[in-house]
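Student: Here is my input, please return the structure:
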Amino acid sequence: MIHPKFRTIVFAFFMALFMSGFMSLVISLFNVGMVDNIVSIWLKAWLFAFCIAFPTVIFVAPVVHKLTNKLIRP
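Tutor: The predicted structure is shown next:
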């Protein structure tokens, strides 16, 4: 198992992986439709999206946690 001190990185990895995968699929389908090479188009878009999403989640997640904590009553 992974040590708990890496929780933030593991969370960011999986959040970025799933969100970039889903969003790139939806956007690819929206832009080109169900064409023969949709899988290769999607995987190329997913790779690019994940490279942007992973560092973004690492930097944005702490800000989102702070904003959420300010809005939620203790």
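
Student: Mean confidence (pLDDT) on the host helix or strand of residue 50, please.
Tutor: Under the criterion of DSSP states H and E, residue 50 resides in helix 38-71. In this model, helix 38-71 has a mean pLDDT of 96.

Student: Could you list every helix and strand in contact with that helix?
Tutor: For helix 38-71, the packing partners by 3 or more Cβ pairs under 8 Å, 6 or more residues apart in numbering; DSSP states H and E come out as helix 7-32. From N, CA and C alone the C-beta is placed, and that goes for glycine too.

Student: follow-up on the earlier one: buried set for the helix holding residue 50?
Tutor: For helix 38-71, burial by neighbour count (16 or more other Cβ atoms under 10 Å) applies to 41-42, 45-46, 49-50, 53-54, 57-58.

Student: Please list all residues in contact with the residue nearest the centre of the chain.
Tutor: Compute the mean C-alpha point of the chain, and by Cα atoms, centre = their mean the closest residue is residue 16, 2.3 Å away. Contact partners of residue 16, counting by Cβ atoms under 8 Å, 6 or more residues apart in numbering, are 50, 53-54, 56-57.

Student: mind running it again at 7 Å?
Tutor: Listed by Cβ atoms under 7 Å, 6 or more residues apart in numbering, the contact partners of residue 16 are 50, 53-54, 57.

Student: of those, closest to residue 70?
Tutor: Using Cβ to Cβ, residue 57 comes nearest to residue 70 of the contacts of residue 16, at 19.9 Å.

Student: ok, and the closest non-adjacent residue to that closest one?
Tutor: Nearest residue to residue 57, sequence neighbours excluded (Cβ to Cβ, 6 or more residues apart in numbering): residue 12, at 4.2 Å.

Student: OK, contacts around the one you found?
Tutor: Contacts of residue 12 by Cβ under 7 Å, 6+ apart are 54, 57-58, 61.

Student: Can you give me the pLDDT of it?
Tutor: Looking at residue 12, its pLDDT reads 95.

Student: what about it, distance to residue 49?
Tutor: Distance of residue 12 to residue 49, given as Cβ to Cβ, to the nearest Å: 14 Å.

Student: Next: residue 64.
Tutor: Distance, residue 64 to residue 49, by Cβ to Cβ: 19 Å.
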